[in-house]
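>>> 3D, please:
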Amino acid sequence: MNKRFDLPQLIASYFAADKLGGEAVARCFTNDAVVKDEGRTCTGLEAIKRWRAEVSTKYTYTSESFALEQRGGITVVTSRLTGNFLGGPVDLRFFFCLERGRIAALEIMP
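Model (predicted):
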């Protein structure tokens with residue numbers, strides 16, 4: 001996992017904001033953005049703020065991105081999350097759809 005690469009600026013900003021909380025994360029998204037995570041869909045900035053706040057109360061984790069690929073108009077980042085959740089470290093794929101300098105959609109999958 002020592003492969004060096006640069007994330008696109010907007011996606012790097014998302015991962016940096018993820019360490020700061022819901023308000024910072026929401027600023028990365030379009031007003032009508034959609035996030036899908038853990039079987040749940042959140043639409044709009046207020047729902048995204050609540051989702052991120054709930055994640056931060058459930059889990060404490062660190063994230064290290066180690067793979068980046070383009071699939072059509074989707075940017076896929078794979079990150080290893082290590083924290084206080086069941087199953088130990090986990091590799092998650094983050095599917096980003098970018099639009100007008102913001103994230104329009106994000107789906108997080110194992």
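
>>> And Gly87, what's its pLDDT?
pLDDT for Gly87: 82.

>>> Relative to Leu81, how far out is it?
10 Å (C-beta to C-beta, to the nearest Å). For the C-beta atoms, the positions are set from N, CA and C on the backbone; glycine is no exception.

>>> Between those two, which is the more surrounded one?
Higher neighbour count among Gly87 and Leu81: Leu81, with 16 against 6, using other C-beta atoms under 10 Å.

>>> Mind listing residues that contact stretch 79-93?
1, 15, 58-66, 76-78, 94, 108-110 (C-beta atoms under 8 Å, 6 or more residues apart in numbering).

>>> Show me which positions of that stretch end up buried.
Residues of stretch 79-93 classed as buried: Ser79, Arg80, Leu81 (neighbour count, 16 or more other C-beta atoms under 10 Å).

>>> same thing with stretch 29-37?
Phe29, Thr30, Ala33, Val34, Val35, Lys36, Asp37.

>>> biggest helix in this structure by residues?
If you go by DSSP state H, the chain has its longest helix at helix 45-58.

>>> Could you export it as PDB, keeping only the C-alpha atoms?
Coordinates of each C-alpha in helix 45-58 appear next as PDB, following Å, rounded to 0.1, in the frame of the first residue of the first chain:
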ATOM      1  CA  LEU A  45     -26.800  18.600   2.200                       C
ATOM      2  CA  GLU A  46     -28.800  18.300   5.500                       C
ATOM      3  CA  ALA A  47     -29.100  14.600   5.100                       C
ATOM      4  CA  ILE A  48     -25.400  14.300   4.200                       C
ATOM      5  CA  LYS A  49     -24.500  16.300   7.400                       C
ATOM      6  CA  ARG A  50     -26.600  14.000   9.500                       C
ATOM      7  CA  TRP A  51     -25.100  10.900   7.800                       C
ATOM      8  CA  ARG A  52     -21.500  12.100   8.600                       C
ATOM      9  CA  ALA A  53     -22.400  13.100  12.100                       C
ATOM     10  CA  GLU A  54     -23.900   9.600  12.800                       C
ATOM     11  CA  VAL A  55     -20.800   7.900  11.300                       C
ATOM     12  CA  SER A  56     -18.600  10.000  13.600                       C
ATOM     13  CA  THR A  57     -20.500   8.900  16.700                       C
ATOM     14  CA  LYS A  58     -20.500   5.200  15.700                       C
END
